[in-house]
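Novice: Predicted model follows, preceded by the sequence.
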Amino acid sequence: MAPFLHLFLLLSAVATPITATSAYPSIPGTDAEDCKISSGDGSPVPIRREVYGGGRIFDITHRYTTDLPSWPSDDGMGQFLWLPASMKNGSLANNSEMKMATHSGTHLDAPGHMIDRYFDAGFDVDTLDLEVLNGPALLVDVPRDSNITAKVMESLKIPKGVRRVLFRTLNTDRRLMYKKAFDSSYVAFTTDGAKWLVENTDIKLVGVDYLSVACDDDLVPAHLEFFEGREIIPVEALKLDDVPAGLYTVHCLPLRLLGAEGSPVRCILIK
Ligand SMILES: *[C@@H]1O[C@H](CO)[C@@H](O)[C@H](O)[C@H]1NC(C)=O
Ligand SMILES: *[C@@H]1O[C@H](CO)[C@@H](O)[C@H](O)[C@H]1NC(C)=O
Ligand SMILES: *[C@@H]1O[C@H](CO)[C@@H](O)[C@H](O)[C@H]1NC(C)=O
């Protein structure tokens, strides 16, 4: 198995102490009619959504759960969140901690992921260009009978000038990100597909719908095609279900993890 360089991420999230009844006063952006009131004691219940603003904003980030697939495990991510300080145990606030591989769930890669001299030179996720990660983006459907080869890339006829493309593939149809066991038969770029993109397009943000931008057979060489120029940013494991293909504005924001070659990323599409 390829040597994925997993740094571990340890973060602490501080919850504001609030009364029980106002624990979830409102979910920003929630329309009044979406606010279901629980029948029991009448207190508000949290609503989780994928689409906001009446279809204007799509959340294309996978929710972190213990069952999210994890490279190359059969058992999924497992526990990644702990509550070492809790109000139930007398603490002033609930204060959780998390620990996960930086390439977990919806995430992006920095050039140091597979090119050691770039890692040593400090090309970490904090050096990635936010201009590339935010702007007009095309969501395209890849023919379902193939990996993303040079031939497939050519057939997609993505115009010059398009700088951000999210490739929806068979992975989305197979709901691979909702299956706990890692599946190496996922679809992604072959080496010649990656090379074709680099040489023939202006694409700098390459979005895919499973954990790796490179297919399993071409794992290292296809990654290298993208990393070598230090301009292309692979964004992986995007949640592209139920989003119409077309033109959007994408926003992807990685954490500023100094020294890390990968980071979880929150990505949204705005119509
Ligand atoms: C509270 O503390 C007990 C004893 O240390 C521990 O077993 C339990 O998991 C804690 N509960 C929470 C919610 O932190
Ligand atoms: C604090 O954590 C406890 C679990 O120990 C949970 O039941 C409670 O709802 C949390 N409080 C808030 C305000 O989130
Ligand atoms: C894509 O490539 C992988 C090997 O990397 C293979 O298992 C899979 O069947 C291929 N998928 C398609 C649709 O050709």
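Specialist: Arrived safely, thanks for sending. Ligands and ions are numbered 1, 2, ... in the order given.
Novice: For this protein, which residue occupies the most central location?
Specialist: In the chain, the C-alpha nearest the mean C-alpha coordinate belongs to residue 106, at 2.0 Å (Cα atoms, centre = their mean).
Novice: Local confidence estimate at the nearest residue to residue 162 once chain neighbours are set aside?
Specialist: Excluding the flanking residues, the one nearest residue 162 by Cβ to Cβ, 6 or more residues apart in numbering is residue 138, at 5.5 Å. From N, CA and C alone the C-beta is placed, and that goes for glycine too. With respect to pLDDT, residue 138 scores 98.
Novice: for residue 7, same thing?
Specialist: Here, the pLDDT recorded for residue 7 equals 38.
Novice: What strands flank the strand or helix carrying the residue nearest to residue 162, and is each parallel or antiparallel?
Specialist: Here residue 138 is covered by strand 134-141, with elements defined by DSSP states H and E. The pairing partners recorded for strand 134-141 under DSSP bridges are strand 164-168 (parallel), strand 246-254 (antiparallel).
Novice: Which one, of the ones you listed, ends up nearest to residue 123?
Specialist: With Cβ to Cβ, the closest approach to residue 123 among the strands paired with strand 134-141 belongs to strand 246-254: 13.2 Å.
Novice: Could I get the CA-only coordinates of the closest one as PDB?
Specialist: C-alpha atoms of strand 246-254 as PDB (Å, rounded to 0.1, in the frame of the first residue of the first chain):
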ATOM      1  CA  GLY A 246     -23.500  22.800 -14.400                       C
ATOM      2  CA  LEU A 247     -21.700  26.000 -13.500                       C
ATOM      3  CA  TYR A 248     -21.400  27.200  -9.900                       C
ATOM      4  CA  THR A 249     -19.200  29.100  -7.600                       C
ATOM      5  CA  VAL A 250     -17.200  26.800  -5.400                       C
ATOM      6  CA  HIS A 251     -15.800  27.600  -2.000                       C
ATOM      7  CA  CYS A 252     -13.300  25.300  -0.400                       C
ATOM      8  CA  LEU A 253     -11.500  26.300   2.800                       C
ATOM      9  CA  PRO A 254      -8.800  24.000   4.300                       C
END
